[in-house]
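Novice: What shape does this take:
(one chain, ligands or ions: 1)
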Amino acid sequence: MSSGRVAPGGKQPTGIAFRRDHQGDKSLVPQVCDWCRTSEAEIGLLTTDVDSKRRVGVNLCMDLRCGERLESVANLSGRSILDDTQRLVERMARFASEALGLEAGSDA
Ligand SMILES: [Zn+2]
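Specialist: Here you go, the predicted structure:
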């Protein structure tokens with residue numbers, strides 16, 4: 001497996017500026033974070049501008065503390081945090097790549 005490895009301090013999409021998008025109908029929003037797959041925090045649709053014309057949304061923990069949440073979940077289940085963190089980074093990178101067109105890895 002030669003998955004694109006995103007090293008800390010590398011080209012992680014840390015510069016995405018999210019906005020809360022109040023759409024009113026909460027019943028349509030899945031209450032699971034797209035990135036860490038937990039539902040402990042308040043989940044909401046966060047949007048960010050792709051460019052001046054397009055905007056994308058993703059359901060995430062409102063506090064964006066997905067990493068910490070994954071850590072506690074991993075601790076509870078006795079799994080390695082490394083795997084979960086890797087998956088989280090990959091989801092973030094995929095979102096940045098597919099939704100925003102950012103290059104997060106080498107083998108996009
Ligand atoms: Zn999350």
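Novice: for residue 61, what are its contacts?
Specialist: Counting by Cβ atoms under 8 Å, 6 or more residues apart in numbering, residue 61 makes contact with 33, 35-36, 38, 40-43, 69. Just so you know, the C-beta spots here come from the backbone N, C-alpha and C atoms, and that holds for glycine as well.
Novice: again, but for residue 88
Specialist: Contacts of residue 88 by Cβ under 8 Å, 6+ apart are 35-36, 66-67, 70.
Novice: got it, and residue 20?
Specialist: Residues near residue 20 by Cβ under 8 Å, 6+ apart: 44-47, 62.
Novice: Quick one, which of these are buried?
Specialist: Neighbour-count burial (16 or more other Cβ atoms under 10 Å) applied to these gives 44-47.
Novice: could those go into CSV alongside secondary structure and distance to residue 103?
Specialist: Formatted as CSV, these follow (DSSP: H, G, I helix; E, B strand; the rest coil; distance: Cβ to Cβ, whole Å):
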residue, secondary structure, distance to residue 103
44, strand, 27
45, strand, 25
46, strand, 21
47, strand, 21
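Novice: Out of those residues, which comes closest to residue 87?
Specialist: Nearest to residue 87 among the buried ones among the contacts of residue 20 is residue 46, at 19.2 Å by Cβ to Cβ.
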